[in-house]
Structure formats: C-alpha cells, structure tokens
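**Q** Mind looking at a prediction? Sequence and model below.
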Amino acid sequence: MTERLFEGADWDFRTLQRITDACEEVALKDLGLDVYPNQIEVITAEQMLDAYSSVGMPLFYKHWSFGKHFAFHEASYRKGLMGLAYEIVINSSPCISYLMEENTATMQTLVIAHAAFGHNHFFKNNYLFKQWTDADGILDYLDFAKNYVASCEERYGRIEVERTLDAAHALMSHGIDRYPGKKKLDLRAEEKRAGRRRQHEEEVFNDLWRTTVPKGAAKSRSALSIERRRKLLGLPQENLLYFLEKSAPRLAPWQRELLRIVRHIAQYFYPQSQTKVMNEGTATYVHYRIMTMLHERGRISDGNFLEFLGSHTNVVFQPEFDDPRFSGFNPYALGFAVMQDIERIVSKPDDEDREWFPDIAGKGDVMGVLRDVWANYRDESFIGQFLSPRLMRHFRMFHLHDDPEERAGIRVDAIHDERGFRRVRRELARQHDVGFIDANIEVVDVDLSGDRRLILHHHVIKGSQLNETDAKRVLQHLADLWTYDVSLIEVDANDKVLREYVVSPRPIPAAVA
C-alpha cells in the first residue's frame, strides 16, 4: 500500500520535506517542469503581514510607507476584515516560498505545489523574466540596497533620505525600460560597479551643463543646437528615473544611487505586471495537476483531497457580471480556465477548435504545448491567442461600448457570433496590454538656454487624461528632484494640446542643497 504523506491536519518539518519531495517528483517527471532550487520558509501571520508591507521582498530597505501598510493590514486582519495569503513566493534563485504556519498539511501541500513548482517554473522559463530579471543576483542586490540606504541615513539624515525615496517611489511606475535592447541586467555587477561607474556619466553631465548659464541669463540657442541638446540628454526618454539619475543638475551622487536602486527594483517587478493572468493560471493549473496525481496515487486521502478542492474552488471563483462582488475577471479563474481549455483543445478538439486553433488542435502533447505557452507569451498575447469561443460562452462575455462623446450612450457591440468573439477577445487582450493601460509619458526637452524647465508629454489614448490631483502630486516630486520648473503637456493623437500642468520645486533643505 502506498504510504500517505500525512494524516489529518497536523504537520512537522519532516512532513514538509516528504510533501516537497512528492510534489517535486510529479512536477519534474510527470509535468516536465524546469525550476530553480527551492527554499521553503514557514512564517507567522505577523511575518506574513510584514512581507505584505515590503511587497513580499526579504532584505528590503526601510521606508515609512512599509510601516504604514503594515499597520493598515494588521488592523484589518485583527478585525476580521481581510484574510492572509497562504503563501508568498520570490522570483529568486533559490526560489523562496513563504508558508503560513497556520496552514493545515493539505494547504501546505497545495502551497508548495502552487508556489515552489508552478510559480517557480514560470519565473525561470517565461521570456519576460529571462529578459528583465536577474534571479541569481536579486537577493545580493537587495542586501546591498538595504545597507546603502542605511549608510545614507547615518551620513545625510533620515529625513533627507526619505525625501528622495518618497519622490523616487512616486515615479516608480515611470522608472522602467519597456522595450528590450539593453544588455541583460546583472545585479551582482551593478552592486560591484556602484562606486566606480560615475566617471563617464560625470563627463557627459559636465559637457551638458557647462554650456548653460544660471537661471535668468540670456543665451543664444545656436550655442547648443536642439539636436546636440537632445543627444546629450538622451531624449525623448520614457524612463523618468533614469533621466533624473543621469541629468538632474543638483542631485548629489548618493541621491542618484538611490534613484538607481528604486528603478532597478521597479524593473524587477515589471514582468509581473504583464503576466498576472498567466503566472497565476500556470501555478493554479500546476497545483491542480499535482494534487490530483497525489490523490490518484494514494499519497493524500479522500478527505484531504476534498479539503483541497474546497480551497481550489474558492480561488478560481468568478462572480457573474451582475453580481455585487464582480470587479473584473479573477486572474486565477481566467488563467486556470484557459490552461484547462488548451489541454482540452490539444487532446480532444472539436470542429470549432480546429478552425480557431489549427496549430495545437489534436496535437496530443498537452504539457509540451503548455510549456511553450508559458515560456513565450504575456497576458495580452496569451488572451489574444488562446481565449476560445467556448470559454467566452462559458464566462458569458460581451463587450460594452461607452464613449462620452457619443450621444448613443452605452451599447452592447460584441455578442456571441464569430465577429463578436474576435472583438471580445481583442478588447479583453487590450485591457492587459501595458502599452495601452499605462500612461505614455516621456521627457521631450529641456529649456537649457532659459529657465531650464523640464518639458514632458503625455500622449492621451481614447481621451483617457490624467487625474488632476494625482498628476500634480507626482509632478511635485518630479520637480523637487529636477530642482527647476516642470511642465507636463497632454496631447492627443493629432498633437493637439489638451491640458498643461506646470509645477515649481519646493525649497531645497540646506543639508541637500
């Protein structure tokens, strides 16, 4: 008789080792997964709250906002207004999975299958994570960042360091490179170069600013051509933190290094924002397959499997559009449903599947197809390629058209016919395209011959202008780092100016000036 991994709800660390070994056997041999080495840590509820507060990263530097988040989550948890995640997983090598000590043995098995093998495989193999992250170096870099921030606080004062970090955090979502082309990030090398990479940058920086004069003085624009100015400044530039790090005239070297740290961490999280549906769908599909196989092989009991199914059903629950709980598509539900649908199309296709998915319909190699999908797609292309009419019918999808400039008001303009299916799939995919949903803001010029005003453009898509209050707050942080006026101009597709914001910097504290 096959030995059970555990009986009942209790577990100890030997049990966790048996569970991990059993999950690994299924993941590697049956599913063909390729994972980083695993490091599993069991933590308390308070430690899980602490991990929430620092975006799930160990060794993070200190900042007041993390304490604020901790206090909020702790109060909500103690009052019963929120639950806690069963796990947090870190994209690193080794891949670190945090398990709640309050979990039952069944839930620990689910979490290990989900995080230590599902997420782990996705982190290691998806092209975006390969392109933008450095799993081998992230923990060392975070240790360097934590120590560097602490040393800056000791030398320059906590208030001055927080002032710079506040501004950098406000600009974090606009501190990333969105397109490949640069050499793959090597965070260990970044740490080693931190003290000696400034020489070339300072030469370029001095070449730029020695051609300018203080505010208020007149200067012929011919002395510094537009082309030369834009070349020296690397314009246009969408990575605002990178631009400030290289070109802000009054930042101290330690402030530039802080901006560099924040933008490297922002870049680290960039792939996760583009793969939420795929990443959670992959992990959910993997844990479902592993738990099912363990049950079929007698490694977990019927009762434990029913406990798993109850939790799994809650995870993939999708409220209907007219349900008060509806707030969009649950990424676990949508991702898992598409993964299961791909399995069906590959193994048991119907005529509709053969028409819509001729490359994979009836191919037979389910895990081969899924591993290829997990490696080569992001949410936008994944939904645009693999969302089937059957699933659109299952989720009862339709498309609402709501244009405030049209008198017709709200109308349903995509239903369940062939044209409607393609329209629904295209629109849902677009909602996961960061190029469409994130504000397209870039630095376009600097008035070096006059008041050194920094000029940015926001390219408005489908009339989606910035929230005035938020825009002014973020621009204030930008102006504080630039130390001169900042102008943000919103323009439409025809370069028509829709709105302009102008913000002046606040006085610089004497310790930073």
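**A** Perfect, I can see it now.

**Q** Any stretches of the stretch 301-450 of the chain with poor pLDDT?
**A** For the stretch 301-450 of the chain, the stretches flagged by pLDDT under 70 are 401-416, 448-449.

**Q** try 90
**A** 319-328, 393, 395-424, 426-427, 431-439, 445-450 (pLDDT under 90).

**Q** Run through the helices of it in chain order.
**A** Using DSSP state H, counting those that start in this stretch, the helices of the stretch 301-450 of the chain run over 302-315, 331-347, 351-356, 366-376, 379-386, 389-394, 418-430, 434-437.

**Q** Can you show me the CA trace of the shortest one as PDB?
**A** Extracted as PDB, the C-alpha positions of helix 434-437 are listed here (Å, rounded to 0.1, in the frame of the first residue of the first chain):
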ATOM      1  CA  VAL A 434       0.600  47.700 -20.500                       C
ATOM      2  CA  GLY A 435       1.200  49.900 -23.600                       C
ATOM      3  CA  PHE A 436      -2.500  50.700 -23.600                       C
ATOM      4  CA  ILE A 437      -3.400  50.900 -19.900                       C
END
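
**Q** Out of the helices of the stretch 301-450 of the chain, the one nearest residue 126 is which?
**A** Closest to residue 126 of the helices of the stretch 301-450 of the chain is helix 366-376 (Cβ to Cβ; 5.9 Å). For the C-beta atoms, the positions are set from N, CA and C on the backbone; glycine is no exception.

**Q** Please report the distance of the closest residue in space to residue 382 that isn't next to it in sequence from residue 377.
**A** In space, and not counting its chain neighbours, residue 382 is closest to residue 278: 5.2 Å by Cβ to Cβ, 6 or more residues apart in numbering. Separation of residue 278 from residue 377 (Cβ to Cβ, to the nearest Å): 6 Å.

**Q** Pick out whichever of the two has more residues nearby.
**A** residue 278 (28 against 20; other Cβ atoms under 10 Å).

**Q** before we move on, what SS does that one have?
**A** helix (DSSP: H, G, I helix; E, B strand; the rest coil).

**Q** isn't it right next to residue 335, touching?
**A** Yes. If you go by Cβ atoms under 8 Å, residue 278 and residue 335 touch, sitting 6.0 Å apart.

**Q** Tell me the pLDDT of residue 494.
**A** With respect to pLDDT, residue 494 scores 88.

**Q** what's the answer for residue 195, then?
**A** Reported pLDDT for residue 195: 54.

**Q** can you check residue 506 too?
**A** Taking residue 506 on its own, its pLDDT is 89.

**Q** distance of it from residue 339?
**A** In terms of Cβ to Cβ, residue 506 sits 50 Å off from residue 339.

**Q** Over to residue 172?
**A** With Cβ to Cβ as the criterion, residue 172 and residue 339 are 31 Å apart.

**Q** for residue 453, same thing?
**A** 51 Å.

**Q** out of these two, which sits in the more crowded spot?
**A** A direct count of neighbours by other Cβ under 10 Å for residue 453 and residue 339 places residue 339 higher, at 23 against 18.

**Q** dump the residue contacts of the nearest residue to residue 168 once chain neighbours are set aside.
**A** What sits nearest to residue 168 in space, not counting adjacent residues and going by Cβ to Cβ, 6+ apart, is residue 262, at 4.0 Å. Contact analysis of residue 262 by Cβ atoms under 8 Å, 6 or more residues apart in numbering lists 165, 168, 169, 172, 175, 241.

**Q** Could you do residue 391 as well?
**A** 337, 338, 341.

**Q** circling back to that earlier point, out of the contacts of residue 262, flag the one nearest to residue 96.
**A** Checking those against residue 96 with Cβ to Cβ, the nearest one is residue 172 at 22.5 Å.

**Q** tell me, how many neighbours does that closest one end up with?
**A** Residue 172 has 17 neighbouring residues, counting by other Cβ under 10 Å.

**Q** Quick check: phi and psi on it?
**A** Backbone torsions of residue 172, given as degrees, to the nearest 10, read phi -60, psi -40.

**Q** And for residue 260?
**A** phi -60, psi -40.

**Q** circling back to that earlier point, for the residue nearest to residue 168, what are phi and psi?
**A** Backbone torsions for residue 262, taken as degrees, to the nearest 10, come to phi -60, psi -40.
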